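In: below are the sequence and a predicted model for it; my questions follow.
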Amino acid sequence: MLHFKQWQGVLHMVKKLGMVLLCAALGSTVNAREVSESQKFIGVEVSITEVQGKASANTSGSTSEGRGLGLRLGAENEQWRTMFILGFFDDEGRNVEKLLLSIDYFFIKTEVMDNYLIQPYLGLNFGYMNYESKHIDADGFLYGAQGGMVVDATEQIGLDLGYRYSLSSADELDHTGEVIFGLNYKY
C-alpha cells in the first residue's frame, strides 16, 4: 500500500506529465494541417545509452552505460519530422523513463543506388523524465539536440541512425547521450 508521501509523488508526476502532454497537444494543433498531409509512422528504437547522474544520495555524478529501448509515433514531410518518443533505460540499478517530443529538419535528400533515399537531419528534443537510482527518485524536464540520417529502404520502411543528447533540469541527473538505431513503418 502506498503511503501519503508516495501518493503525493505520484500525483506530482501525473501533473507534470499532464502539462507536458497539454503543451505537446497545443503545439501540434498549430501544425495540424501539415500533419494531416504528412506521412505518418510508428516505430521502435534501440540505443547505446550513457547516463550521467548520481548513483546514490551520498555520491556525486557517475556514468552508466547500457542499452535503451523506445517506441516512436510521428509524422514527416519533405523537410520536417515530428515524433513522440517513449524511452526506457535500465542498467546497474539506474532507471530512466522519458517522454520526448522531437522535431527534426531534413536538410538534404540524396538518392543512392536508384531505390534508397538518404536524408540527413538535425533537430531538437524536449520532454519529461523520471530518474531512479539507489535512494534517488527524481523527475524533471529534458531538452537537447540530435542529428543523424534516415534511409528509406522502401516506401513504407525507414531506417534511422542518429545521436541524441539531452540535458536534465533535475539535480540528480546531468545528461543522457544515445546512439540510436530506429526502424519506422510509414502508413
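Out: Received the coordinates, thanks. Residues are numbered from 1 along each chain as shown.
In: same for the helix or strand Tyr185 falls within, what does it pack against?
Out: Element membership for Tyr185, per DSSP states H and E: strand 173-186. Judged by 3 or more CB pairs under 8 Å, 6 or more residues apart in numbering; DSSP states H and E, the packing partners of strand 173-186 are strand 39-54, strand 61-76, strand 94-106, strand 136-152, strand 157-168. For the C-beta atoms, the positions are set from N, CA and C on the backbone; glycine is no exception.
In: okay, these in CSV with mean pLDDT and distance to Tyr185 next?
Out: Conversion of the helices and strands packed on strand 173-186 to CSV gives the following (pLDDT from 0 to 100; distance: least, CB to CB, whole Å):
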stretch, mean pLDDT, distance to Tyr185
strand 39-54, 92, 6
strand 61-76, 90, 10
strand 94-106, 93, 17
strand 136-152, 93, 12
strand 157-168, 95, 6
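In: who wins for proximity to Leu122 among those?
Out: Proximity to Leu122, assessed across those by CB to CB, is greatest for strand 136-152 (4.8 Å).
In: give me the buried positions along the closest one.
Out: 136, 138-139, 141-142, 144, 146, 148, 150, 152 (16 or more other CB atoms under 10 Å).
In: can you put the helices and strands packed on strand 173-186 in JSON lines and add distance to Tyr121?
Out: Supplementary listing: the helices and strands packed on strand 173-186 in JSON lines, determined by distance: least, CB to CB, whole Å:
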{"stretch": "strand 39-54", "distance to Tyr121": "14"}
{"stretch": "strand 61-76", "distance to Tyr121": "10"}
{"stretch": "strand 94-106", "distance to Tyr121": "4"}
{"stretch": "strand 136-152", "distance to Tyr121": "6"}
{"stretch": "strand 157-168", "distance to Tyr121": "7"}
